[in-house]
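Colleague: Quick one: sequence plus predicted model below, questions after.
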Amino acid sequence: METTIRITKELFDGFIPAAREPKGIVFGKLEKKINEAIEDIIVDELGTVGLSAIENEPQGKLAMTVMKLASIKVFLHELHSLDIVLTPTGFGVVSSNDTVPASKLRVDALDGEMRVKWLMTADELLEQCFCLEGWYVQGLVTIDTLFCCFKFLRQFVGMQAPLSKDWETMQGPILRADRFLRDKISDEYMDELIMQMATNTLTAKNKGIVHQIRRYIGVVLNNETATAEEYFRRLMNTLEKDLVTFETYANSQAFEVNHAKPYENKQEDSAFHFVG
């Protein structure tokens, strides 16, 4: 699965201004690996649908986002091993045994900044993929939950300046919150919401449900137990009030479990059944 788009120094400099230097030494070291990363992203994230979209519009937004993500990914991977390090006056070539602490501190700071930029760019790519007709099959491999974007840490958890390590730390709690919701409103309905999100076809009412789910997961991640309980109660009330619209939930085993009636003892029973 090959593409004709290729990174250029001008694009690389625009994507990563901190790496801009007139001689093109940094770009020269990374160009081949960036083009390989572009191919990997297309295979792993976009599939044939995304490849067709890029080839039809090689200067389009999707192609630019793919090249930006590949550039950041490779730059991050190679940053600490490059002989080129950030100095107070920009990039310079120094011996790996003669890197002053100040330069290392600035490179470490740049590393953290670029990791956040990589996650934000990944969000952009995912949202652009949602608009590609037929992409959802590829999305089945890419999307685990409705809380799938780094930006949600700011939007729903309330983190002012989330870092990449925050996103990594939250993956387990996100999956556990997703599992709880799947048990309560069914795998079928959660998968339906993900499918509609990934195909940009969310109905107006399902958009509201998705927002409530993300808001619930956000307060769970923030360890706000009482608020999470209230948001969950409101979510269930919304579903229960309109079972015609939310028929996937209404027809699910989760719905039956939620509405299971305790056994009622009958006079002819040989023993009395206690329901705790």
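Modeller: Happy to help now that I have it.
Colleague: Could I get the full set of helices for the stretch 1-150 of the chain?
Modeller: 9-15, 25-41, 47-56, 61-78, 101-129, 136-142 (DSSP state H, counting those that start in this stretch).
Colleague: Mean neighbour count added to those, as CSV?
Modeller: Bear in mind the C-beta positions are built from the backbone N, C-alpha and C, glycine included. Converted to CSV, these look like this (neighbours: other C-beta atoms under 10 Å):
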stretch, mean neighbour count
helix 9-15, 17
helix 25-41, 18
helix 47-56, 17
helix 61-78, 21
helix 101-129, 16
helix 136-142, 16
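Colleague: Between these, which has the poorest mean confidence score?
Modeller: Across those, helix 136-142 has the smallest mean pLDDT, namely a mean of 71.
Colleague: After that helix, which helix or strand is next?
Modeller: The element immediately downstream of helix 136-142 (helix or strand, assigned by DSSP states H and E) is helix 152.
Colleague: so which of the helices of the stretch 1-150 of the chain comes closest to V219?
Modeller: Among the helices of the stretch 1-150 of the chain, helix 101-129 comes nearest to V219, with 20.9 Å by C-beta to C-beta.
Colleague: Name the nearest residue to G47, ignoring sequence neighbours.
Modeller: Q138 (3.7 Å; C-beta to C-beta, 6 or more residues apart in numbering).
Colleague: about what we covered before: can I get the helices of the stretch 1-150 of the chain in JSON lines with distance to K151?
Modeller: Below are those laid out as JSON lines (distance: least, C-beta to C-beta, whole Å):
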{"stretch": "helix 9-15", "distance to K151": "19"}
{"stretch": "helix 25-41", "distance to K151": "19"}
{"stretch": "helix 47-56", "distance to K151": "21"}
{"stretch": "helix 61-78", "distance to K151": "15"}
{"stretch": "helix 101-129", "distance to K151": "5"}
{"stretch": "helix 136-142", "distance to K151": "16"}
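Colleague: so which of the ones you listed comes closest to F150?
Modeller: Using C-beta to C-beta as the measure, helix 101-129 is the one of those that comes nearest F150, at 3.9 Å.
Colleague: Give me the angle between the closest one and helix 47-56.
Modeller: Put simply, helix 101-129 runs at 100 degrees to helix 47-56, going by axes from the mean of the first three to the mean of the last three C-alpha atoms, to 10 degrees.
Colleague: tell me the domain ranges of the chain?
Modeller: Structural domains assigned to the chain are 9-142, 152-258, following automatic domain parsing.
Colleague: would JSON lines of the ones you listed with distance to T3 be doable?
Modeller: Compiled in JSON lines, those are given as follows (distance: least, C-beta to C-beta, whole Å):
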{"stretch": "domain 9-142", "distance to T3": "6"}
{"stretch": "domain 152-258", "distance to T3": "22"}
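Colleague: my guess is the residue nearest to G47 contacts V49, does it?
Modeller: Yes - Q138 is within contact range of V49, at 6.6 Å (criterion: C-beta atoms under 8 Å).
Colleague: now P162, what's its secondary structure?
Modeller: Classification of P162 using DSSP: H, G, I helix; E, B strand; the rest coil returns coil.
Colleague: What's the separation between it and V210?
Modeller: 20 Å (C-beta to C-beta, to the nearest Å).
Colleague: Check the offset of stretch 133-140 from the chain's centre.
Modeller: Centroid displacement of stretch 133-140 relative to its chain, using C-alpha atoms, centre = their mean, to the nearest Å, is 15 Å.
Colleague: To G218, which of the helices of the stretch 1-150 of the chain lies closest?
Modeller: In terms of C-beta to C-beta, the element of the helices of the stretch 1-150 of the chain nearest to G218 is helix 101-129, at 15.7 Å.
Colleague: could you give the angle of the closest one to helix 25-41?
Modeller: 30 degrees.
Colleague: W118 touches I72, doesn't it?
Modeller: Yes - counting by C-beta under 8 Å, I72 is a contact partner of W118 at 4.5 Å.
Colleague: Wait, a helix at L202?
Modeller: No - judged by three-state DSSP, L202 forms no part of a helix; its state is coil.
Colleague: Report the residue spans of the stretch 151-276 of the chain with pLDDT below the cut-off.
Modeller: Applying pLDDT under 70 to the stretch 151-276 of the chain picks out residues 262-276.
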